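Participant: when you get a sec, could you give me coordinates for this:
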Amino acid sequence: MLLVNPPSRAAEAGDSCRVGLIADTHGLLRPQARDALAGSDLIVHAGDVGSLEVLQGLESIAPVVAVRGNVDVQPWASEFPDSRVVEVGGVRLYVLHDLERLDLDPAAAGMAAVVSGHTHHAGIEDRGGVLYVNPGSAGPRRLHHPLSVALLRVVDGSVTAELFEFSG
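Facilitator: Down below sits the predicted model:
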């Protein structure tokens with residue numbers, strides 16, 4: 001079962017939470033991505049999942065929340081929203097597939113981070129106190145970008161992120 005609002009295992013001060021970030025799998029869950037996400041308390045998929053089997057594979061690691069990407073047009077994907085707010089470790093994350101479709105001011109909305117995919121280009125950037133994270137693509141290699149996922153750490157209401165590149 002895919003969780004819409006996963007329970008936060010790190011909601012109290014002093015706790016920490018590891019959130020695995022993945023996007024653009026396009027139906028392929030690589031063993032390297034699974035290994036990099038191992039130990040996550042929650043996994044967020046930022047769209048272009050490609051198949052329900054990808055989400056089921058991720059669920060064997062940790063609870064999963066996902067948004068629909070532009071290639072997710074199959075009937076199973078209709079249950080996933082285009083964007084969502086995820087509360088974890090006392091912070092709020094705004095998740096969407098294509099950052100160009102961002103429809104709110106994340107800082108004004110109280111978001112600690114914005115998680116997106118779509119470009120297949122990994123990156124982490126602080127914009128006005130909001131962390132923007134694109135974990136890159138973990139699926140079939142395209143556009144000569146490295147394959148990657150990201151890990152978000154939430155500690156005492158503070159959010160940091162790290163990228164993990166792998167070969168495929």
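Participant: can you give me the strands in this structure?
Facilitator: For the chain, the strands defined by DSSP state E occupy 16-22, 42-45, 64-66, 83-88, 91-96, 113-115, 123-127, 130-134, 147-155, 158-166.
Participant: partners of the fourth one in the sheet?
Facilitator: If I follow you right, that is strand 83-88. Strand pairing for strand 83-88, determined by DSSP bridges: strand 91-96 (antiparallel).
Participant: show me what contacts the closest residue to residue 162 other than its chain neighbours?
Facilitator: Nearest residue to residue 162 in three dimensions, chain neighbours excluded: residue 151, at 5.2 Å (Cβ to Cβ, 6 or more residues apart in numbering). Every C-beta, even on glycine, is put in place using the N, C-alpha and C of the backbone. The contact partners of residue 151, by Cβ atoms under 8 Å, 6 or more residues apart in numbering, come to 18, 19, 20, 21, 36, 37, 40, 161, 162, 164.
Participant: quick check: the gap between residue 151 and residue 73.
Facilitator: Distance of residue 151 to residue 73, computed by Cβ to Cβ, to the nearest Å: 29 Å.
Participant: about what we covered before: any chance of TSV for the strands of the chain, columns mean pLDDT and distance to residue 141?
Facilitator: Listed next are the strands of the chain as TSV, based on pLDDT from 0 to 100; distance: least, Cβ to Cβ, whole Å:
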stretch	mean pLDDT	distance to residue 141
strand 16-22	96	15
strand 42-45	98	18
strand 64-66	98	22
strand 83-88	97	27
strand 91-96	98	24
strand 113-115	98	22
strand 123-127	97	18
strand 130-134	98	16
strand 147-155	97	6
strand 158-166	96	11
